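# Return atomic coordinates for the entry below.
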Amino acid sequence: MSVDLGSESMKVAIVKPGVPMEIVLNKESRRKTPVTVTLKENERFFGDSAASMAIKNPKATLRYFQHLLGKQEGNPHVALYRARFPEHELGFDPQRQTVHFQISPQLQFSPEEVLGMVLNYSRSLAEDFAEQPIKDAVITVPAFFNQAERRAVLQAARMAGLKVLQLINDNTATALSYGVFRRKDINTTAQNVMFYDMGSGSTVCTIVTYQTVKTKEAGMQPQLQIRGVGFDRTLGGLEMELRLREHLARLFNKQRKGQGAKDVRENPRAMAKLLREANRLKTVLSANADHMAQIEGLMDDVDFKAKVTRAEFEELCADLFERVPGPVQQALQSAEMNLDEVEQVILVGGATRVPKVQEVLLKAVGKEELGKNINADEAAAMGAVYQAAALSKAFKVKPFVVRDAVIYPILVEFTREVEEEPGVRSLKHNKRVLFSRMGPYPQRKVITFNRYNHDFNFHINYGDLGFLGPEDLRVFGSQNLTTVKLKGVGESFKKYPDYESKGIKAHFNLDESGVLSLIRVESVFETLVEDSREEESTLTSEMSVCVCVRARVCVREDVLVCLWGRRADLALGQGGGVTAVAPLSLWVFFLLELGNTISSLFGGGTTPDTKENGTDTVQEEEESPAEGSKDEPGEQAELKEEAEAPVEDTSPPPPTEPKEAAVPEEEKATEKENEEKPEAQKPSEKKEAGSEAAPPAPEEEKKQKPARKQRMVEEIGVELVVLDLPDLPEDELAHSVQKLQDLTSRDLEKQEREKAANSLEAFIFETQDKLYQPEYQEVSTEEQREEISGKLGTASAWLEDEGFGATTVMLKEKLTELRKLCHGLFFRVEERKKWPERLAALDNLLNHSSMFLKGARLIPEMEQIFTEVEMTTLEKVINETWAWKNATVAEQAKLPATEKPVLLSKDIEAKMMALDREVQYLLNKAKFTKPRPRPKDKNATRAEPPLNASASDQAEKVIPPPGQPEDAKPISEPEKETGSEQADTEPLELEGPGAEPEQKEQPTGQKRTLKNDEL
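Sure, this is the predicted structure:
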C-alpha cells in the first residue's frame, strides 16, 4: 500500500495480485479521506466522522498536526499552530523539548502517536478494500522535511506496526506517476518538466529531467532525475481559508455590534463552523464571481448570512499570491537552469485550482498555458504505490530509475592538532562535505581519518543553508545533527603495532527514505606478507600448476609438483626422467591461461591484483562510487582521502587508494572485458605464439607476483549524541506502541459489541414480522407462534432497558437462545421452499439416466463397451431412487405441515449425487475406450503378387530407391480382385503420405493390396 499524507487529507492506494494500482475507497466510498482524529475518553473517530465531530467537540478534534512533527517547543511553527487553533492545549515534554496534545488531565498524545493512529486507520481501510492483511507501505512526505521530521514519521509508522519500504518525497512520487504513464514519450533526449504543487499546507516546485539511460540489469530504461526544488512551508490553501474565516468573523461581529454580544472568535465551535464555511466558500469562488456564505445558528442561535465576491477574496490573499513565484525561482537556481529549458509546467495539488494562483504562476513562468494533464489529487499516491510494487518482492514491474536529490547538504566537522611552527601546536577546524546539495541518494560514503591514533570525536552537521531565508532557518531548527564519540582507537593501534595504519574509516548511509545513518566505524591496518617456498609448492597456490605425465613437468622453474601434491626433486631441464620440456610447459601454460579465463567468466578465479579488490568489501565500498552519483570522480576521491589537510590547501593529499578508485563502474566493466579478451583466444593462435612466449613465461609470472597484502579491520566503539531532536527512548516507544494497540483493541471490542447488538435487534424485528406471513403461519400452530412472540417481546424489552450495559457475550447468548427457539419454524419454511426445485432436478436426472441405460443396451454385442454388471448396477440405482422418491413423497403428503418433514432437501441431493456418480462412470468409460477392430471375412482370399514380379519390384513400390522420384508410376497388377475382395482388403491399405501419390495414379478398380511384411 501507499499513503499520500497531505496536510488536510490523505489518499491510500494498493496493489495486489490481479488488481493493478488502485485508489482505496473509504467507508463513505470516497477516494479522499480527511486527516482528522477525534479523541474522547472512550472512543475515537477518524476521517469524515471526525471532521463532522469538529463542530461538536473542537478541542478533542486534531487537524494539521503534521506541522508539529520534529519541532521543538520554541519553533515558530509551534507558535503559529497555537495562533491558528487556540482551542487545542499543547503541553510541554521536558525530556525531548517537544509538545503534545493535552486532551484531558488523563489523556495526552504526542504528534507522532496521533500520526500513528492515522496510519493504522489507513491500513485498516486498505485491508478492508483488499480483503487481506497488509503490512508493507510507502509513505509520502514533503520534500523539505529534514532529518528530525523524517525520523518522526518513521517512528509513527513503527507505532502503527507498518513496515515502511520507503519514505518517498511527494514531488518525486508525482513525477514517477507522470513518467510511468508516459513511458513511450521518454527517449534519449532529456525533457525538463516543472511540477508546481500547492497543497493545503505548503507549496513545492520541482524540476524533473526525463530520459532513457542504460542500466546494467535491464538495458535502456526510463529515468527521472530531480534537478531542482523550491518550496514555501506556509503557502497553501489553509492560509487562504484562515483569511476567509477571519473576514467572515469580522462580518458577523459587525452585524451584532450594537447588541453587546461576545466576540465570535472566543467561541471555538463557532470558529470551527466558520472554517468549514470558508473551505466551501474558497472552492465555490474558484468557479463563481461571488457567493453567499450561510451558517445556521452560528452562535447563540443567531444565523449568519453574508455575500463574498472573488475580488474580496483575492484582496484578502494578495500577499499570498505575491509569494507564488518564489518556489519557481528557488527551483531554477538549485537546478542551475532558466525557464527556456523547461518544456512544460504541470499543476499539482488542490490549491492550484484557485484562478488567481494560475494567473500569477502563468505570468511568472512565461508559458502559453499550464499543464493540467495529471490527476492533481491522486498522482502522488499512484506514484508511491508503483514504487511500493517495485520494492516489494511479490511483484515485478517495468523498471523506472528514480534519482532523488538531497535538499539539505550534510558535512562532517572535526578538530585536530597541527604543528605550524616547531614546538608550537594549535587546533585546526576541518570540514568535509559528506552529501552535497542536489546530489543523488540513496548513497553510501566513507570518510577516512588518518592523523588520529587515539580516541576522538567528530560532528555531523548540515552544510551551507544560505538558500533558506531567515524565517525558514528558524523553522528549520537545529543545524547540528549528531556528535560521534569514538572509543577504542588507541587499543586498536596497540593490538597491531607492526601493521601500517590505513586510517579510521567511518561508513555513512543516506538510505532511500533520505535518513542519514552511521553504519560503522573501523580502524584498518595493512602489512605486506611474502609467501614462503613451502606455501608456493602446494596445489592450492595461485600459480603452482603442474601436469603429471610419465615425465613430470611444471611451469614453475623452482619446483615440480605432482597432481596429488607430492614434491619432486627434479628441476626443470636437469634430465633424469624429464622429457619434452618446451612443448609440455607450453601446453601447461596454455591450460593455466584457459583455466583463469574460465574461472573469471564464472566469478571464480582472480589474479592477485583483482583478488584484493574483489574480496575486500571495505575496499570495494570505499572505491566504487554510489550508482548514479552526481559527484565527479575527483570529488568522490577527495571525500575518501585522508582527512588531514585543511580545506584551503590547494595541493591534493596523497591518495590512500589505487588510481582505479576514481574510474566509474562502466569504465571498469569495459576494461575488464578488454582484459579477458586476450585470454579467450583460440588454442591455435596461442600455439603459434608459443615458441616465442614459452621460455620467458616463468620469469613474467615471477614479476607479476607481488607481495600479498594482509588487511586487518578492527571495529571501533561508537557513542552517538543526537543534537537536533532526540528519538523516543525504546521504553517510551514500546509504551506508545502498547497505548495505540490498547486503543485499537478497545475500538474493535466496541465495534464487536455494536455489531452483536445490531444483530440481536434486527433478528427480533425480522422474526416478529415473519410470524404474520402466510408461509410461516402455514407451518406453525397458534401456540408455537404465541410462544415465539412472547420470547421476542421479552428480549426486546431487555435490550431497551438493560442492553446499553450488556456485554458482547450477553448479547450473543441472547441471540443464540432466540435462534434456537425459532430454528424448527425456519427449517420447515426453508425445506418447503426447496422442494419444487430439488424434486424437478431429481426427476430430470432419473429420466436422462433411464434413456442412457436404454441406449446402452441397444449397442450391438460386437461393439458393446459396457459390461452386464455395470448396466445392471445402474438399473438398480435408478429403480431404488424411483422407489425412494415415490415412497418419501407419499409419506410426506400424509404428515401435517406443522410437523418435522421427512422429505429433506439434503436427502434428495444425496440421491442425485449417487445416481450421477454411476452415470458419469459409464460416460467416462465410453469416452476413453478404444473401438474394437472389425473382424476379417474368413471366406475372403488374400491378393497375391503376380508371378513375373520379383521381390525387388515389390520393394520399389513401397519405398522408392534414392535415385527414383516418389511419384514414379508403379507397375499395374492384373485385374483379378473382385468387389468383395476390395472391400475386405481396403482397411489394410496404407494411409500415409508416401502411399497417396501411388494410389492416385492407379486406374480405377485396380487398387493393389500389400503383404503383412510390407505393412
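
# May I ask you to confirm that residue 226 belongs to a strand?
Yes - the assignment for residue 226 by DSSP: H, G, I helix; E, B strand; the rest coil puts it in a strand.

# which residues touch the residue nearest to it when sequence neighbours are not counted?
Nearest residue to residue 226 in three dimensions, chain neighbours excluded: residue 405, at 4.0 Å (C-beta to C-beta, 6 or more residues apart in numbering). For every residue, glycine as well, the C-beta is placed using N, CA and C. By C-beta atoms under 8 Å, 6 or more residues apart in numbering, the contact set of residue 405 is 225-227, 229, 438-441.

# For the residues you listed, give me CSV that also has pLDDT, distance to residue 721 and neighbour count.
Below are these laid out as CSV (pLDDT from 0 to 100; distance: C-beta to C-beta, whole Å; neighbours: other C-beta atoms under 10 Å):
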residue, pLDDT, distance to residue 721, neighbour count
225, 94, 35, 22
226, 94, 32, 26
227, 94, 35, 24
229, 95, 30, 26
438, 91, 29, 17
439, 92, 26, 23
440, 92, 29, 21
441, 89, 24, 23
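
# Tell me the one of these nearest residue 204?
Nearest to residue 204 out of those is residue 229 (C-beta to C-beta; 6.8 Å).

# What's opposite that closest one in the beta bridge?
Judged by DSSP bridges, the bridge partners of residue 229 are residue 206.

# can you list the weak-confidence ranges in the stretch 751-900 of the chain?
For the stretch 751-900 of the chain, no stretch has pLDDT under 70.

# elements contacting the host helix or strand of residue 231?
Assigned by DSSP states H and E, residue 231 belongs to strand 219-232. For strand 219-232, the elements it packs on are helix 170-180, strand 203-215, helix 326-335, strand 401-405, judged by 3 or more C-beta pairs under 8 Å, 6 or more residues apart in numbering; DSSP states H and E.

# JSON lines for these, including mean pLDDT and distance to residue 88?
Shown next, in JSON lines, are the helices and strands packed on strand 219-232 (pLDDT from 0 to 100; distance: least, C-beta to C-beta, whole Å):
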{"stretch": "helix 170-180", "mean pLDDT": "94", "distance to residue 88": "26"}
{"stretch": "strand 203-215", "mean pLDDT": "93", "distance to residue 88": "25"}
{"stretch": "helix 326-335", "mean pLDDT": "93", "distance to residue 88": "29"}
{"stretch": "strand 401-405", "mean pLDDT": "93", "distance to residue 88": "34"}
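
# can I get those in a markdown table with distance to residue 2?
Converted to a markdown table, the helices and strands packed on strand 219-232 look like this (distance: least, C-beta to C-beta, whole Å):
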| stretch | distance to residue 2 |
| --- | --- |
| helix 170-180 | 8 |
| strand 203-215 | 18 |
| helix 326-335 | 24 |
| strand 401-405 | 14 |
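
# among those, which is the most enclosed?
Among the helices and strands packed on strand 219-232, helix 170-180 has the highest mean neighbour count (mean count of other C-beta atoms under 10 Å), at a mean of 26.

# The helix or strand following it to helix 326-335, inter-axis angle?
Using DSSP H and E, the helix or strand that follows helix 170-180 in sequence is strand 191-198. In terms of direction (axes from the mean of the first three to the mean of the last three C-alpha atoms, to 10 degrees), strand 191-198 departs from helix 326-335 by 140 degrees.

# contacting residues around strand 191-198?
Contact partners of strand 191-198, identified using C-beta under 8 Å, 6+ apart, comprise 170-171, 174-175, 178, 185, 203-211, 227, 235-237, 324, 327-328, 331, 337, 341-352, 357, 361, 365, 370.

# Just the CA trace of it, in CSV.
Taking Å, rounded to 0.1, in the frame of the first residue of the first chain, the C-alpha atoms of strand 191-198 are listed here in CSV:
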residue,chain,number,x,y,z
GLN,A,191,13.0,16.5,-21.3
ASN,A,192,12.7,19.0,-18.4
VAL,A,193,9.3,19.3,-16.7
MET,A,194,8.3,21.6,-13.8
PHE,A,195,5.7,20.4,-11.3
TYR,A,196,4.1,23.1,-9.2
ASP,A,197,2.4,21.5,-6.2
MET,A,198,0.3,23.8,-4.0
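
# average pLDDT across it?
The average of the pLDDT scores along strand 191-198 is 94.

# List the strands paired with it, with their directions.
Assessed with DSSP bridges, strand 191-198 is paired to strand 203-215 (antiparallel), strand 344-348 (parallel).

# Redo the ones you listed as a markdown table? Include distance to residue 862.
Output for the strands paired with strand 191-198, formatted as a markdown table (distance: least, C-beta to C-beta, whole Å):
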| stretch | distance to residue 862 |
| --- | --- |
| strand 203-215 | 72 |
| strand 344-348 | 82 |
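
# So which of these is nearest residue 921?
With C-beta to C-beta as the measure, strand 203-215 is the member of those nearest residue 921 (59.2 Å).

# Quick one: distance of that closest one to the chain centre.
21 Å (C-alpha atoms, centre = their mean, to the nearest Å).

# Extract the C-alpha set from that strand and format it as CSV.
Output of strand 203-215 as CSV, limited to C-alpha atoms (Å, rounded to 0.1, in the frame of the first residue of the first chain):
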residue,chain,number,x,y,z
THR,A,203,3.9,24.7,-1.8
VAL,A,204,6.7,22.8,-3.6
CYS,A,205,8.1,23.4,-7.1
THR,A,206,10.2,20.7,-8.7
ILE,A,207,12.2,20.5,-11.9
VAL,A,208,12.5,16.9,-13.2
THR,A,209,14.5,15.6,-16.2
TYR,A,210,13.2,12.5,-18.0
GLN,A,211,15.3,10.5,-20.4
THR,A,212,16.3,6.9,-21.1
VAL,A,213,19.6,5.6,-19.7
LYS,A,214,21.5,2.3,-20.0
THR,A,215,21.4,0.2,-16.9
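
# would you say residue 711 is within a strand?
Yes - per three-state DSSP, residue 711 lies within a strand segment.

# Tell me how many other residues crowd it.
Counted by other C-beta atoms under 10 Å, the residues lying close to residue 711 total 15.

# for residue 727, helix, strand, or coil?
Following three-state DSSP, we place residue 727 in the coil state.

# My guess is it contacts residue 150. True?
No - when contacts are counted by C-beta atoms under 8 Å, residue 727 is not listed as touching residue 150 (11.5 Å).

# Local confidence estimate at residue 902?
Model confidence at residue 902, expressed as pLDDT, equals 91.

# Just to be sure, it is in a helix?
No - according to three-state DSSP, residue 902 belongs to no helix; its state is coil.

# correct me, but it touches residue 889?
No - Residue 902 lies out of contact with residue 889 (C-beta under 8 Å); the separation is 9.6 Å.

# May I have the beta-bridge partners of residue 457?
Here residue 457, judged by DSSP bridges, has bridge partners residue 485.

# That one and residue 435: what is the separation?
Using C-beta to C-beta, to the nearest Å, we find residue 457 at a distance of 20 Å from residue 435.

# Looking at the two, which one has more neighbours?
Legend: neighbour count by other C-beta under 10 Å for residue 457 and residue 435, higher for residue 435 (21 against 12).

# Show me what that one bridges to in the sheet.
Taking DSSP bridges as the rule, residue 435 bridges to residue 410.

# Look up how far residue 165 lies from it.
Distance, residue 435 to residue 165, using C-beta to C-beta: 22 Å.

# so where is the chain shaky, pLDDT-wise?
Along the chain, segments meeting pLDDT under 70 span 258-260, 423, 531-706, 932-1015.

# Now do the contacts for the residue nearest to residue 195 when sequence neighbours are not counted.
Take residue 195 and drop its neighbours on the chain: the residue closest to it by C-beta to C-beta, 6+ apart is residue 206, 4.7 Å away. Shown in contact with residue 206 (C-beta under 8 Å, 6+ apart): 143, 171-172, 174-175, 194-195, 197, 226, 228-230, 331.

# The longest helix along the chain - contacts with which helices or strands?
Longest helix in the chain, counting residues (DSSP state H): helix 808-857. Judged by 3+ C-beta pairs under 8 Å, 6+ apart, helix 808-857 is in contact with helix 730-770, helix 774-778, helix 782-801, helix 868-894, helix 905-928.
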